[in-house]
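J.: Need a 3D model of the sequence below.
(chains A and B)
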Amino acid sequence: MKKRVPIVEEITVLSRGDFDLLLNMGEPKAGYTAHVRSLDELLERDRRREADGFPRKIRVGRLIKPGKGDAKVVVVPTTVEEKLIHDPHFRPPDEGDESLGGTGEGEEGEVIGESPVRETGEAGEGGAGQGEGGSHEVESSAYDLGRILTEKFELPNLQDKGKKRWLTRYSYELTDRHRGFGQLLDKKATLRRVLETNLALGRIPDPQAVDPNELLISPEDRVYRILSREKDYESQALVFFLRDYSGSMAGKATEVVCTQHVLIYSWLMYQYERQVETRFILHDTEAKEVKDFYTYYNSRVAGGTRVAAAYRLVNEMVEKESLAKDYNIYVFHGTDGDDWDTDGQEVLPEIEKVLTYASRVGVTVAEHAHGSSGNTEVERYLKKSGLLENKPELLRLDVMGEDAEEPRIIDGIKKLIS
Amino acid sequence: MELINQHTKAIMEGCKERARAAGLRFEDETLEYIVTNRDLLELTPKLMIPTLYDYWVHDVEVLKEKGRYELYPGNPYETVINTRPAISFYNDNNPDWLNVMIFYHVLAHIDFFQNNIFFRHTWDFDLTGQALSDKRLVARLRARHGRWVDYVIEFARGIDNLVGYFEELARYDRPAATPASRRFDYYFDVFLQDVKKVRTSDYIREVERYNACCKDQGELGIEGFFAEVVVKYPEFEALYEKSLGQKGARTTDLLQYLMEHSEFLKREDNRWMLSVLQVVRNTSVYFQPQIRTKILNEGWASYWHERLFLEDDRIQGHEVDFARVHAGVTSLPKVGLNPYALGMRLFEYIEEMADKGRYSFAYQKLGDAEERRRFDAKTGKGRETIFAVRANESDFSFISRYIDQDFLDRHKLFVAGKRLNRARMTWQYYIKSRKAADYRQMLVDDLYHPPRINVARDRGEDGSLYLVHKFEGKPLVRDYIANTLLGIEYLWGRPVQLETSEPVPAAAASSNAALAGAFSGVSAEREGEPAHISWRRVLYTLKNRELSKVPLS
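T.: Residues are numbered from 1 along each chain as shown, chains lettered A, B, ... in the order given. Take a look at the predicted model:
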């Protein structure tokens, strides 16, 4: 018998006819999405990285279109190819302001234009009508993001916590029509169908003078009302997003807070089957309501900080619009922990008041890298007040560094909402 | 993706004839494809090379771009890639006159790719073919090694900006080295400077002695010179022999260094990784000149599409349409930078200056503004000069050599600053400087400049890899260091150390003061001297996938 020689597979990179292949490369057979791995597959691959001992790389990113009212959010995966590169944001302090190119008339030192720092939106524009039309886009994408967060990042599921009463309820009503059988004969609809049938059969010579006795009645023409299941949205969620937008928040702290708030919003959107309303409040020393997420995300001022103002505004809004009885109210507050009200004399009464009606108050402190950890005003007075221990079901605090990565932010959400 | 139709191709061929007549030089064959938005989305992450190897980051990019496109639909008029034949991509449905303009633009790009010396290393092969074979190789490896191929690609791409592009380029047009000149190079470049560390005056004396020997003894001069060297430094010959053995350790090219010296990659099981590294490195080196010639290349293309379009007899009646599109592409923004606009104006300026013979001492020494304005030596060297610029410069030399005060004044260019006005709560834009030096600096600061990171061969302890970042006033992005070093550690197989500079964090107290200052509406900077940054050297060590950092004294 001949001994079989194992065939060593040669790795060859060139094959015969490469050139022809190139020339004949026509249109791809399938659409490009067929070649591209889906988001789910990519996330699966990312999970496997951890098992292999490498950090995860894919983040679920968001793109927000600048624009008021019709702000549009699209959920996309993002990843950064990390390299050793010079920090493009670094500028030596003695160099001062940002430099750009420019052209036109004017002397050195002359101001050639300015743009407002504080958005001049219609602050405090109340009412439930925030963001019609275009905001649907936000919702549909945020819903997907919520699903991904719940499924992929194992965020807790409200349904699993036995809080079904917040979700949908069904009632049965005689609203649907059905031909042939049913609970209640709809006489008018039936007569109309009978007439149609007879007209079609040519049994009515003069439509002006119909003789009811001559009409043929088919069983199929009988129209009934039938009991049907109707979805009844019993409860809705109302989420207040509070953000410190004072000078000290600039940069990463804002990014962390906004990222977390988008994710929370998306998660609630999924949990409440889209029945979520949002109110956005920005505060420095004063608080104001802004009408959309875009403004919420992008506004920046350089002022001081009074946290009390924000909670006071929430209380006012809830009282004035009597929201407490209709909604499950959530309040999420993002800050870098600075507060002029150092021992919380003003804030704590306001927070306690919020706790009387809110389902959850979640406070996120994004600490600055340069400060010492665990030493911000907000963290100190909240801990001192004892509210965290007394009402753990209502008030949660999460402290993270301002350079927290997405996994940490998602962990933070778990802390705030679980 | 399909080829343009015959009618449009005929327009392209017509453009080629006219462009050639004007002096542009490019190969005969070109390929033009009409692409849909979807094709573009798919091609962009692959650097527009349809045959580039597959990698999951590209898929992420495609999904992201798809999302972005939903929000900001918009496509470039054209994209050209530097292949043989050159391939260009177009949107559907351009009217003929617009195609004429775009084709001229494309042809100028092709001319640039094929004549600028920074692209020298891309002239001898076709990237699409190369990429296709690479793609097959990667696919084959993936079938065998699964996701580990993607890890290796990832780690290699993590350092694909440290590839020693200029060393690669320097291999061309280098005079052949003879044994004699190698000894000579070693003696003057390495031995005297690095080993003996002689004083400058002694060094010059040696040069003079060498020249004297050559003059006096002719052919035998070199031998005579080294005979004396050996008398003076008996160890020289041994060191020289040793240095010959060490040749080729290119310590500035980290990827190459890993390929040549990593014990981990030399193991039988891991040898396949070398080919992945090679693919990543080649691709990176190929694209290095693109990022370094942005202003030059776009300026060149804009310059020519304007000239050639206006001279073209086929497009009469569309001058106004052209003017609109052209102005959209090449207008100087009030604030901001447009490489098309800047590059085109600079080419026009250089041409005029050279036509009038102003790149001469006679002009430069003139102090009188009026005389300078009227100076015209009528040398007519304009065209010749801009063709030379196109062939020999990169963005850096283009900017620093040719942007001068006259250019700034002519186009009213300035450096704009942006600052916060606390009283009015606005961002103010103001004219910061109209000096040419400041403007050049602003442009240069914006150019692509990867960090210079050397392998210090003698400093790694216990087989670890010691990297030294040459500090140039900017820190590295700190967040990226851990994962990049992680990749290097994997490829090296042993711990990796990186020496770099970081700003010393301001003491907590002073930063609180700064914050308090910000709150009360008084800038901390205005109160006293601007804060000075102090730097310190730090050493990052990545060992067993854990990062640690210690300051160096």
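J.: List the residues that contact B:Val57.
T.: B:Val57 makes contact with A:79, A:81, B:45, B:154, B:157 under the criterion C-beta atoms under 8 Å, 6 or more residues apart in numbering or on different chains. C-beta: built from backbone N, CA, C; applies to glycine.
J.: sorry, that was for B:Cys15
T.: B:100, B:103-104, B:107, B:308, B:312.
J.: Out of those residues, give me the two with the largest separation.
T.: By the measure C-beta to C-beta, B:Leu107 and B:Asp312 form the most distant pair in the contacts of B:Cys15, at 12.1 Å.
J.: Neighbour count: the two, which is higher?
T.: Neighbours per residue (other C-beta atoms under 10 Å in any protein chain shown) separate B:Leu107 from B:Asp312, with B:Leu107 holding more: 27 against 20.
J.: wait, isn't A:Tyr357 in contact with A:Tyr330?
T.: No. Using C-beta atoms under 8 Å, A:Tyr357 is not in contact with A:Tyr330, being 10.9 Å away.
J.: Can you list the residue ranges for helices in the stretch 351-500 of chain B?
T.: B:361-364, B:369-374, B:382-392, B:395-402, B:405-410, B:436-446, B:478-492 (DSSP state H, counting those that start in this stretch).
J.: could you give the angle of the top helix by length along chain B to helix B:478-492?
T.: What stands out as the longest helix in chain B, according to DSSP state H, is helix B:271-292. In terms of direction (axes from the mean of the first three to the mean of the last three C-alpha atoms, to 10 degrees), helix B:271-292 departs from helix B:478-492 by 140 degrees.
J.: Output the contacting helices and strands for helix B:271-292.
T.: Here helix B:271-292 touches helix B:127-145, helix B:147-158, helix B:165-170, helix B:254-261, helix B:263-266, going by 3 or more C-beta pairs under 8 Å, 6 or more residues apart in numbering or on different chains; DSSP states H and E.
J.: Recalculate using a threshold of 10 Å.
T.: helix B:96-115, helix B:127-145, helix B:147-158, helix B:165-170, helix B:254-261, helix B:263-266, helix B:395-402, helix B:478-492 (3 or more C-beta pairs under 10 Å, 6 or more residues apart in numbering or on different chains; DSSP states H and E).
J.: And those helices, which one averages the lowest pLDDT?
T.: Among the helices and strands packed on helix B:271-292, helix B:165-170 carries the lowest mean pLDDT, a mean of 87.
J.: now could you export just the CA positions of it as CSV?
T.: Extracted in CSV, the C-alpha atoms of helix B:165-170 (Å, rounded to 0.1, in the frame of the first residue of the first chain):
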residue,chain,number,x,y,z
TYR,B,165,8.5,56.6,6.5
PHE,B,166,11.4,58.9,5.8
GLU,B,167,13.9,56.1,6.2
GLU,B,168,11.9,54.1,3.7
LEU,B,169,11.9,57.1,1.3
ALA,B,170,15.6,57.6,1.8
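J.: That helix close to chain A?
T.: No. On the criterion C-beta under 10 Å from any C-beta of the partner chain, helix B:165-170 is out of touch with chain A, staying 14.6 Å away.
J.: Which strands or helices does that helix pack on?
T.: helix B:271-292.
J.: and the helix it packs on with helix B:96-115, angle?
T.: Using the same axes, to 10 degrees: helix B:271-292 against helix B:96-115 is 120 degrees.
J.: Could you tell me which residues within helix B:271-292 count as buried?
T.: For helix B:271-292, burial by neighbour count (16 or more other C-beta atoms under 10 Å in any protein chain shown) applies to B:272-290, B:292.
J.: now it and helix B:254-261, what's the angle there?
T.: Going by the same axes, to 10 degrees, helix B:271-292 makes 160 degrees with helix B:254-261.
J.: buried sites along the following helix or strand past helix B:271-292?
T.: Once the chain leaves helix B:271-292, the next helix or strand it forms, by DSSP states H and E, is helix B:294-311. When burial is assessed from 16+ other C-beta under 10 Å, helix B:294-311 yields the following buried residues: B:294-306, B:308-309.
J.: Check stretch B:347-354 too.
T.: For stretch B:347-354, by 16+ other C-beta under 10 Å, it's B:347-351, B:353-354.
J.: and which of the residues you listed is nearest chain A?
T.: Closest approach between the buried residues of stretch B:347-354 and chain A, by C-beta to the nearest C-beta: B:Tyr349, at 14.0 Å.
J.: Now tabulate the buried residues of stretch B:347-354 in TSV and tack on distance to chain A.
T.: Converted to TSV, the buried residues of stretch B:347-354 look like this (distance: C-beta to the nearest C-beta, whole Å):
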residue	distance to chain A
B:Phe347	17
B:Glu348	15
B:Tyr349	14
B:Ile350	18
B:Glu351	20
B:Met353	20
B:Ala354	24
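J.: Flag every residue of the stretch 201-350 of chain B that's near chain A.
T.: B:254, B:272, B:275, B:279, B:331-338, B:341-342, B:345.
J.: Next, check the residues you listed against the helices and list the overlap.
T.: Of these, the ones assigned to helices by DSSP H are B:254, B:272, B:275, B:279, B:341-342, B:345.
J.: Tell me which two of the residues you listed sit farthest apart.
T.: B:Trp272 and B:Arg345 (50.8 Å).
J.: can you pick the most crowded of the contacts of B:Val57?
T.: B:Glu154 (23 neighbours).
J.: so how far is B:Ile488 from it?
T.: Distance of B:Glu154 to B:Ile488, given as C-beta to C-beta, to the nearest Å: 12 Å.
J.: now do B:Ala139
T.: Applying C-beta to C-beta, the value for B:Ala139 to B:Ile488 is 26 Å.
J.: do A:Glu286 as well
T.: Relative to B:Ile488, and taking C-beta to C-beta, A:Glu286 is found at 51 Å.
J.: Mind checking which of the two has more residues around it?
T.: B:Ile488 (26 against 13).
J.: related to what we said a few turns ago, among the helices and strands packed on helix B:271-292, which is nearest B:Ile81?
T.: helix B:127-145 (7.4 Å).
J.: If you count contacts, what does that closest one end up packed against?
T.: Against helix B:127-145 (3+ C-beta pairs under 10 Å, 6+ apart) you get helix A:18-23, helix B:147-158, helix B:271-292.
J.: Output these as a markdown table; include the columns distance to B:His411.
T.: Output for those, formatted as a markdown table (distance: least, C-beta to C-beta, whole Å):
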| stretch | distance to B:His411 |
| --- | --- |
| helix A:18-23 | 45 |
| helix B:147-158 | 40 |
| helix B:271-292 | 24 |
